[in-house]
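**Student:** Dropping a prediction and its sequence here:
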Amino acid sequence: MPEPESERHSSGAVDFDVIVVGAGFAGMYMLHRLRGLGFSARVLEAGSGVGGTWYWNRYPGARCDIESMQYSYQFSDELQQEWEWTERYAAQPEILKYANHVADRFDLRRDIEFDSRVRSAVYDDRAGRWTLGTDSGKRYSASYCVMATGCLSSPNKPRLPGMERFKGPTYHTGEWPHESVDFTGKRVAVIGTGSSAIQSIPIIAEQAEHLVVFQRTPNYAIPAHNAPLDPEYQRDFKAHYAEFRARAKQMPTGVAFDYRDVSALEATPEERQEEYEKRWARGGLAFLGGFRDLLFVKAANDTAAEFVRAKIREKVNDPEVAELLCPTNVIGCKRLCVDIGYYETYNRPNVTLIDVSREPVEEITANGVRAGGEEHEVDAIVFATGFDAMTGALLKIDIRGRGGLPLAEKWDGGPRTYLGLCSAGFPNLFMITGPGSPSVLTNMIPSIEQHVDWIADCLAYMREHEFAEIEPTIEAENAWVQHVNDVADLSLRSTCSSWYIGANVPGKPRVFMPYIGGFPAYVKKCEEVAAEGYAGFNVAAGRAAAE
Ligand code: N01
């Protein structure tokens, strides 16, 4: 009897048609599509369970900033009809439960190897195959490799002097322990004030005896106004799911919300105030949808920024603390935060805000954190310091393409891709929501589904036409990188030191990584490329097949 496809071995490696790295929402759906097409596939996952970002980010208060009814898969209508969300914004445990439900419902686990961190992925030009190695020493070989490694999955831990001296526990929000962490009666430091910190600080403050927050850059946060989901609302939403999804796909962010094609500068101050108040009362990321020029014209942006600063001053009792919490940069330049009681937390007597914008955190001591020449004694430190975004998880893997070229070398000056899907010199390697795709500027799950569907269709096309190798041309890649940069320059989002441009990681090249041209324009381009027989790609029989 012939060996099943997935059990063949060559030179010590287990052979598949496709290896997928990562079992988050991207890897799970990729596996489902590959199976449906009859490809043999294996998913290699570093964690012990599915869920990706929602598997790792278990910090107190972790919650999605996209509303539950939209932050979900749409590839299966049965799935989206049967799943019941409980809150307007789902908390991490509920999203993880959803990911596990999907894994069970589509019987995905039997093709996922957990606790398998991929360390290397090397392309053999002659054989036309990728060989992947894991930290347990196992090797896998496949015709195609799909990196579903996530955009915010490689924690960024500052290298502060004295880290090893600290006597108490330290945590990073993106690698939170699975067992519950109780800060009751403890003195706690939180370093960072991004989305993760803004969600966790109010909860840590409720538990801790004292909380010290070290803030380098204040952030804008819009109230979530989270609430249990009204069953009536959910029923109505589900009855019109297809319409909502179709509408969302027409929005630059891939999220269906109320976007107004009106200029803030053409509106009167009263009209602006009314619009901002309405959106503040509704809550969430749609705040920036009130006027079309908020992310393009500084004077327009200033009006929204000043509105939020006024709200911060209203909420925070101590005027000096309020001023420290007021951001001065462009609103929406860094990812807008969605909060539940964040600013109010600074009215608590057990919370201290330390400004480290001028004098950085100097060192970690045995007993705490030293900043501005003063030692703050604490029992535990939480690093809410974010991620080596978009490229970090990919470059942690020793990826080598044609002729042994390391991806890290090719991307020395910043990531270079065609459509955020592939990179020249790395045949048959795909990225899901890679740099150069809209990814983090959109609703991630629909963006993931769009990429997975495109890759699945491409692999089916390759098989149907008996092609073995696909790789972008350097000309198409250069043109796409130029386009990604050109549209980034039109937006105020490229003007501040955010993780979008790699500014949060010392030494990282400063390149605006996601594609800001909007979801609809991007999807249209991907569809055109496929319709034209994968325009901009070299598609070939492959050297091995040709010989
Ligand atoms: O990370 P961040 P995050 N000393 O990079 C500070 C998504 N997300 O994990 O701004 C002192 O935003 C750093 O300061 P600065 C979302 O897309 C979504 O919070 O660089 N401070 C900053 O304040 C989000 O944008 C959700 O000056 C240091 C903070 O650490 C992305 O993930 C929830 C420092 C890092 O903020 C990342 O968010 C959570 C140092 N040495 C995350 N180094 C939701 O869906 C860094 N900082 C709601």
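**Tutor:** Alright, I've got the coordinates.

**Student:** When you work out contacts or count neighbours from here on, use the C-alpha atoms and nothing else.
**Tutor:** OK.

**Student:** the domain parsing of this structure - what is it?
**Tutor:** Listed by automatic domain parsing, the domain ranges of the chain are 5-155+389-546, 157-219+334-386.

**Student:** Let me have the ones you listed in JSON lines, adding mean pLDDT, mean neighbour count and distance to the ligand as columns.
**Tutor:** Below are these laid out as JSON lines (pLDDT from 0 to 100; neighbours: other CA atoms under 10 Å; distance: least, CA to the nearest ligand atom, whole Å):
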{"stretch": "domain 5-155+389-546", "mean pLDDT": "95", "mean neighbour count": "20", "distance to the ligand": "4"}
{"stretch": "domain 157-219+334-386", "mean pLDDT": "97", "mean neighbour count": "19", "distance to the ligand": "3"}
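
**Student:** Mind putting the ones you listed into a markdown table with distance to Phe307?
**Tutor:** Output for these, formatted as a markdown table (distance: least, CA to CA, whole Å):
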| stretch | distance to Phe307 |
| --- | --- |
| domain 5-155+389-546 | 18 |
| domain 157-219+334-386 | 14 |
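
**Student:** Which one of these lies nearest to Tyr233?
**Tutor:** Evaluated with CA to CA, those place domain 5-155+389-546 nearest to Tyr233, the distance being 10.0 Å.

**Student:** And the helices in the stretch 1-150 of the chain, which stretches?
**Tutor:** Along the stretch 1-150 of the chain, counting by DSSP state H, counting those that start in this stretch, helices occupy 25-36, 53-56, 77-82, 92-105.

**Student:** Pull the distance from the last one to the chain's centre.
**Tutor:** What it means is helix 92-105. How far helix 92-105 lies from its chain's middle: 18 Å, per CA atoms, centre = their mean, to the nearest Å.

**Student:** contact partners of it?
**Tutor:** Outside of helix 92-105, the residues within contact range by CA atoms under 8 Å, 6 or more residues apart in numbering are 24-25, 28, 50-51, 54-55, 57-58, 61-64, 79, 83, 85, 109.

**Student:** let's see it at 10 Å
**Tutor:** Residues outside helix 92-105 that contact it (CA atoms under 10 Å, 6 or more residues apart in numbering) are 23-25, 28-29, 32, 49-64, 68, 71-73, 79, 83-87, 89-90, 107-110, 112.

**Student:** now swap in the third one and tell me
**Tutor:** Where contact means CA under 10 Å, 6+ apart, the residues beyond helix 77-82 that reach it are 69-70, 72-74, 101-102, 105-106, 234-235, 237-239, 241-242.

**Student:** Let's see that with 6 Å instead.
**Tutor:** Residues from elsewhere that reach helix 77-82 (CA atoms under 6 Å, 6 or more residues apart in numbering): none.

**Student:** ok, back up a step: I'd like to know which of the contacts of helix 92-105 are part of strands.
**Tutor:** Using DSSP state E, Ile112 are the members of the contacts of helix 92-105 that sit in strands.

**Student:** tell me the angle of the longest helix along the chain relative to helix 25-36?
**Tutor:** For the chain, the helix reaching the highest residue count under DSSP state H is reported as helix 444-464. Going by axes from the mean of the first three to the mean of the last three CA atoms, to 10 degrees, helix 444-464 is angled at 30 degrees with respect to helix 25-36.

**Student:** Show me what helix 444-464 is in contact with.
**Tutor:** 26, 30, 432.

**Student:** Export those as JSON lines, with columns for distance to Arg370.
**Tutor:** Listed next are the contacts of helix 444-464 as JSON lines, based on distance: CA to CA, whole Å:
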{"residue": "Ala26", "distance to Arg370": "41"}
{"residue": "Met30", "distance to Arg370": "46"}
{"residue": "Ile432", "distance to Arg370": "41"}
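
**Student:** Can you tell me what sits against the helix or strand harbouring Glu528?
**Tutor:** Using DSSP states H and E, Glu528 sits in helix 519-531. When contacts are defined by CA under 6 Å, 6+ apart, helix 519-531 is touched by residues 250, 252, 254, 535.
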